[in-house]
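# Please work out how this folds:
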Amino acid sequence: MISLSLPSGVSVSKKVHRWAVSTLFFLQGLCFASWASRIPTIQQTLGLNESQLGAVLLAIPIGSLISLPVSGWLVAKFGSRKVVTLGVFLYGLTLVTLGMAQNTFQLISYLLLFGFGGNFMNIGVNTQAVGVESMYKKPIMGMFHGMWSLAGFSGAALGTLMIGAGIVPVQHFLMVTIFVVLAALISTRFTIAEDPNRQADQPIFAKPDKSLLLLGIIAFCSMICEGAMFDWSGVYFKKSSTS
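Numbers count the residues shown, from 1 in each chain. Now for the predicted structure:
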């Protein structure tokens with residue numbers, strides 16, 4: 001059986017932790033950007049109009065919302081290393097199923113799982129990032145999120161090459177998944193084993209205070225803009241190029 005943990009007593013420098021977490025941010029962004037780059041192709045394959053596509057795309061945020069209380073509780077209970085490890089493999093492997101969908105029902109089902117896995121990984125990797133940042137005692141969170149953005153550009157460029165070469169989504173996604181799994185097998189071994197200030201008795205859900213609720217509303221509005229850009233840019237450019 002393959003162990004994803006380093007042998008007991010082996011120390012890892014904070015720089016290694018930093019690059020391991022950076023890699024996981026990159027893998028997360030690559031998975032999402034790979035899917036987003038092939039939305040127009042999948043829409044055309046399944047014969048979805050804009051209204052139907054919009055309804056289908058709701059499955060991702062719904063899956064994310066479902067995973068929110070579960071993933072947060074699991075991080076508190078078992079630590080972010082286990083959660084992010086499970087999340088990255090779930091996210092990467094689910095990506096392949098999106099290219100295998102033969103009808104709308106299958107696509108919605110797979111997107112629900114894709115959204116669940118994506119947010120599962122998101123909670124775990126950001127908790128890891130907070131832990132690494134505490135080692136440096138200076139703000140480095142921007143670098144981690146920058147790796148996600150870099151992966152977005154990389155995924156879009158790769159998607160463009162795949163489309164130009166006539167490679168169907170399932171083959172494209174399979175190549176990305178293989179890369180994600182191999183990179184995750186290495187990087188997850190160097191994540192932080194124990195999260196700072198972790199409390200295992202945290203409730204699965206707690207009522208947010210006013211300030212946290214306000215931040216949540218701001219984040220919600222930002223994610224609407226980000227989601228619209230990722231989900232619909234490819235569709236817009238495809239229609240513009242054929243009109």
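# Low-confidence bits of this structure, can you list those?
Residues of the chain meeting the criterion pLDDT under 70: 1-11, 197-209, 212, 216, 219-243.
# for it, what spans make up the helices?
In the chain, the segments counted as helices under DSSP state H are 14-37, 39-46, 50-57, 59-78, 80-100, 104-136, 141-164, 169-187, 210-242.
# Against which helices or strands is the second one packed?
When you say that, I think you mean helix 39-46. helix 50-57, helix 104-136, helix 169-187, helix 210-242 (3 or more CB pairs under 8 Å, 6 or more residues apart in numbering; DSSP states H and E). Every C-beta, even on glycine, is put in place using the N, C-alpha and C of the backbone.
# List the buried residues of that helix.
Ile39, Pro40, Thr41, Ile42, Gln43, Leu46 (16 or more other CB atoms under 10 Å).
# swap in the fifth one?
Residues of helix 80-100 classed as buried by neighbour count (16+ other CB under 10 Å): 80-99.
# Could you give the number of residues near Leu113?
Using other CB atoms under 10 Å, the number of residues around Leu113 comes to 19.
# now it: how far from Ile60?
As judged by CB to CB, to the nearest Å, Leu113 and Ile60 stand 10 Å apart.
# what does Ile42 give?
According to CB to CB, Ile42 and Ile60 sit 13 Å apart.
# Ok, Asn49 next?
19 Å.
# which of these two has more neighbours?
It is Ile60, of Asn49 and Ile60, that has more neighbours when counted by other CB under 10 Å, with 23 against 8.
# Identify the residues contacting the closest residue to the more buried one other than its chain neighbours.
Computed as CB to CB, 6 or more residues apart in numbering, the closest residue to Ile60 that is not its neighbour in sequence is Gly115, at 3.8 Å. By CB atoms under 8 Å, 6 or more residues apart in numbering, the contact list for Gly115 reads Ala59, Ile60, Pro61, Ile62, Gly63, Ser64, Ile66, Ser67.
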